[in-house]
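1. Got a predicted model here, sequence first, then my questions.
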Amino acid sequence: MKTVRSVLQYSRHDGAFLTGGIILIVAMVLAIIGPYITPYDPQTSSPDVYIPPSPEHLFGTDSVGADVFSRTIAAFRIDVFMAVAAVTASSVIGTLLGALAGFSFSSKPGQALSWVILRLADMAQSFPVFIMAFALVGTFGPSIRNVVIAIAFVSIPAFLRLSRGAVLTAEKEAYVDAARVMSLRELRILIRHVLPNSLEPVIANLSVSLSQAILMTAGLSFLGAGVRPPTPEWGLIISAGSSGLVTGAWWITVLPGLVMAATIVGFALLGDGVRRYLNPSDRQRRMLASAGRGAA
C-alpha cells in the first residue's frame, strides 16, 4: 500500500507518467471487456461496404461491410494479450539467463555456462529482430501461439543484457562480499541477494517492451505472417484497408492506426515514467520542480 501511495503521489508531478498509466489502464480494460461492448459483431460482414465515419459507424465500414470501430476495440484483446504474454515470457527467461551470465562464478562449469549464454545472445542479436520473428513465424506457421513464441524469443536478449548489467553492478556491493565470507553457496547468493536487487532496469523496460511487442505483432499480421483473418487484430485491419487509401476509404487504415499508435506511445511514456520514478534523485527533483511551479 505504501508503494501504491508513493506511485499515485508521484503521478501528480509527472504528466507523461500519468498519461501512460491512464492509457495502460484503458488498454487493459478494453482487452478484458472489449469484445463484449462493441456495437457490432467484429467478425460479421454486411452489405454496407465503405461507409465513411458516421454516428452509426464511428470508424466507418470496410470492404466487407464490417464495422471498423468494433474490430478496433475487439483487437485490444488480441494485441495486448499477445504482447503481455510475449513480454512476460521473455522478461522471466531473459532475466534469469542474464543473472547467470553476469554473476562471477568461481567454478569452471558456472563460468562456462556464462560464456555459452553470452555467445548465444550474441548470435540471436546478430539478426534484425523483426526479420528473425518473421522467419520464425513463417517456418512454424501463422498463429497466435507462434507469434507469441517468436516475439518472446527475439525479446529475450534485451532483457538478458539489462539483467546482466544490473547483476554486474549489484555484485560489487558489500552485502555480496559478506555473503561470500559466510561461505554461502554461489547460486544461493545469486538468487537470494543479487537478483532481487537487480530488477529495477528490467521493471523499467517492461512497458517499453510491451509497446514494441504490439508494434511487432501488428507488423507480422500486416505482412500476412501473424494471426489469421477474420480475427480482429490491428495489423490485419490496417492491411485490409491499405488498398482503400487510393480510393478514398482512408478511415479503414488511419483510424485504427491512430488507436494503435496512441496505445504504443502511452506504453512508452509509462516506461519512461517508471524509469524516472525508480531513480530517487530524478523522482525528487521532478516532484520539487512540480511543487515549485504549483506554489508560483
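-> The structure has been received and is ready for your questions.

2. Excluding sequence neighbours, find me the nearest residue to residue 96.
-> Among residues not flanking residue 96 along the chain, residue 163 sits closest, at 7.8 Å (CB to CB, 6 or more residues apart in numbering). The way it works is simple: take the backbone N, C-alpha and C, and place the C-beta from them, glycine included.

3. Please read the previous query as pertaining to residue 162.
-> residue 201 (4.5 Å).

4. Which secondary structure elements does the strand or helix carrying that neighbour sit against?
-> Take DSSP states H and E as the rule and residue 201 turns out to sit in helix 200-222. Judged by 3 or more CB pairs under 8 Å, 6 or more residues apart in numbering; DSSP states H and E, the packing partners of helix 200-222 are helix 68-102, helix 129-140, helix 144-170, helix 234-242, helix 251-278.

5. May I have the residues that are in contact with the residue nearest to residue 96?
-> Contacts for residue 163 (CB atoms under 8 Å, 6 or more residues apart in numbering) come out as 94, 95, 96, 97, 98, 99, 102, 198, 201, 202.

6. Spatially central residue for this structure, please.
-> With distances taken as CA atoms, centre = their mean, residue 210 lies nearest the centre of the chain, 0.7 Å away.

7. For residue 82, see how far away that residue is.
-> Counting by CB to CB, to the nearest Å, the gap from residue 210 to residue 82 is 10 Å.

8. from the contacts of residue 163, which is closest to residue 15?
-> residue 201 (23.6 Å; CB to CB).

9. With residue 57 as the reference, name the closest of the helices and strands packed on helix 200-222.
-> In terms of CB to CB, the element of these nearest to residue 57 is helix 68-102, at 6.6 Å.

10. ok now the closest one, how far from the chain's centre?
-> Here helix 68-102 is found 5 Å from its chain centre; the criterion is CA atoms, centre = their mean, to the nearest Å.

11. helices or strands up against that helix?
-> helix 15-37, helix 108-125, helix 144-170, helix 200-222, helix 234-242, helix 251-278.
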